[in-house]
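Enquirer: Here is the input, now give the coordinates:
(one chain, ligands or ions: 2)
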Amino acid sequence: MADILIKNGYILTMDPDTGDLKKGEVAIENGRIIYVGLSYNGKADKIIDASGSVVMPGLVNTHNHAGMTLLRGYADDLPLAEWLEDYIWPVEEKLGPEEIYAGVRLACLEMIKSGTTTFADMYIHEQAAARAVEDCGMRAALSYGMIDFGDPQRAESSLLKGRNFVKDFNGAANGRISAMYGPHAPHTCSQQFLQDVRKQARKDDVKVHIHVLETEAELNQMKEKYGKCSVNMLHDIGFFDSDVLAAHCIWLSEGDMNILAETGVHVSHDPVSNMKTAAGIAPVPQLLEKGVNVSLSTDGCASNNNLDMFGVMKTAALLHKVNSMDLTVIDARKVLEMATVYGAKALGIEAGMIKEGYYGDLIVVDMKRPHLTPLYDVDSHLVYSARGSDVTTVLVDGKVLMENGKVLCMDEYEIMMEASKAAKKTDSQHLIDVLGLNDPSVDQ
Ligand SMILES: C[C@H]1O[C@@H](n2cnc3c(N)ncnc32)[C@H](O)[C@@H]1O
Ligand SMILES: [Zn+2]
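Expert: Ligands and ions are numbered 1, 2, ... in the order given. Here you go, the predicted structure:
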């Protein structure tokens, strides 16, 4: 007997072997998909009616700093280096594990409500992020953000934090959490430190998550320091392998792209963040052409400023069309693949497709909405017309986290209250109390 049977939906399997099904059924048992087809022959404990909806794999957001929901709108419209160094890094010092827990809970709530089932993260106090992920039921690949700035003592303490995180959380939450090493970037970490991290990751058999060539300033700094760009430096020290997830990858030469393709590095593309911070435009069509696995991501909430992967999908498509002045350069199906299949591949998880044996990580998108009417082409609507708020039901690991728009795995109001309270730790003079935290008549 299946645990859950989803009926009457348009099944966007994203699986080239089966193709999509205009009206199909998906059965889930013990967290895994056990049937995808026209009609399931067995019984199920629970039926989900997906009439008028698309059933698709949950979206995979491959680069986030989830705790940064607390800094949403804290400092905007500033040059990237100034934004990070003068605003974000100093205020992060004020945030402890309890605040980050509240911020990541808020991030998870926002992601679940907009159809993301898995995310990759790199941040401070990451054990608090792991706790939040464990509590809410999402899937995540988490890493402790490590920076040494060339200071051997910082290198040692950072690596220790990273190692402890991997030891404590890789495989946690019944396998929903995987741990990665998260050296911040080639210009904030010394070469020695990057080598040490690389060695440790191989030893522990876990993946590595890093920012690469987000800004032209990084490119110039690297050339000055090493006489070569970040990609060449990382390649020369043997850092690159198919277990590396590199975020941004904007300032790439043709040779750099070839290195990423040859070494099997996965690229996480953050179009909304890159546009907002004016970091540049990653050469995504060229990377895809060379066979690089490019997935999609929001980046942290402070540079986006939300975690809606539907917005990211649309932006990715539009950005590369206008940048190349060729609207065939990236189509809706390719964008959907990047947000599902390629994301799961980057993180090495059996998800991103509705396929027998894969995790029961899927979402239901309601198509009975004015902005989705009429319906000729499902791919087109999902990428160009839909929004995260069209997602009604979300399953992760075969558990229903949201059903018909109601979040079951947490109390929405409480999460917003706790995050708003945590945001007070920033000491910002600009925080506006919309939830009535300071009103004694509001139950706290
Ligand atoms: C893990 C670390 O990464 C920082 N961080 C957040 N957003 C960006 C970005 N766009 N580029 C570089 N670093 C970033 C966080 O502020 C944290 O300190
Ligand atoms: Zn980032």
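Enquirer: switch to C-alpha atoms for all contacts and neighbour counts from now on
Expert: Fine.
Enquirer: Burial check on residue 227, number of neighbours?
Expert: 12 (other Cα atoms under 10 Å).
Enquirer: quick one: it and ligand 1, what's the gap?
Expert: 22 Å (Cα to the nearest ligand atom, to the nearest Å).
Enquirer: just residue 372 next, same as before
Expert: Applying Cα to the nearest ligand atom to residue 372 and ligand 1 gives a distance of 33 Å.
Enquirer: Next up, the contacts around that residue.
Expert: Contacts here follow Cα atoms under 8 Å, 6 or more residues apart in numbering; on that basis residue 372 touches 381, 385-386.
Enquirer: for residue 308, same thing?
Expert: By Cα under 8 Å, 6+ apart, the contact set of residue 308 is 110-111, 114, 298, 387-388.
Enquirer: Could you rerun that using 6 Å?
Expert: Neighbour list for residue 308: 114, 388 [criterion: Cα atoms under 6 Å, 6 or more residues apart in numbering].
Enquirer: Tally up the residues packed near the residue in the stretch 251-400 of the chain positioned nearest to ligand 1, please.
Expert: At 5.5 Å from ligand 1, residue 300 is the closest residue in the stretch 251-400 of the chain, using Cα to the nearest ligand atom. By the criterion of other Cα under 10 Å, residue 300 has 25 neighbours.
Enquirer: Around ligand 1, which positions in the protein sit nearby?
Expert: Residues of the chain lying close to ligand 1 by Cα under 6 Å from any ligand atom are 88-89, 122-123, 145, 184, 300.
Enquirer: quick revisit: secondary structure and pLDDT for the contacts of residue 372 - can I get that in JSON lines?
Expert: Converted to JSON lines, those look like this (DSSP: H, G, I helix; E, B strand; the rest coil; pLDDT from 0 to 100):
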{"residue": "381", "secondary structure": "helix", "pLDDT": "98"}
{"residue": "385", "secondary structure": "helix", "pLDDT": "98"}
{"residue": "386", "secondary structure": "coil", "pLDDT": "98"}
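Enquirer: Of those, just the buried ones, PyMOL syntax please.
Expert: Entered in PyMOL, the line below selects the buried ones among these, by 16 or more other Cα atoms under 10 Å:
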select buried, resi 381+386
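Enquirer: ok so, going back, for the nearest residue to the residue of the stretch 251-400 of the chain closest to ligand 1 once chain neighbours are set aside, list the residues it contacts.
Expert: In space, residue 300 comes closest to residue 65 once its chain neighbours are excluded; the distance is 4.4 Å by Cα to Cα, 6 or more residues apart in numbering. Shown in contact with residue 65 (Cα under 6 Å, 6+ apart): 121-123, 300.
Enquirer: I'd like to know how many residues surround the nearest residue to residue 176 once chain neighbours are set aside.
Expert: In this structure, residue 176 finds its nearest non-sequential neighbour in residue 139, 4.7 Å apart by Cα to Cα, 6+ apart. Residues lying near residue 139 (other Cα under 10 Å) number 26.
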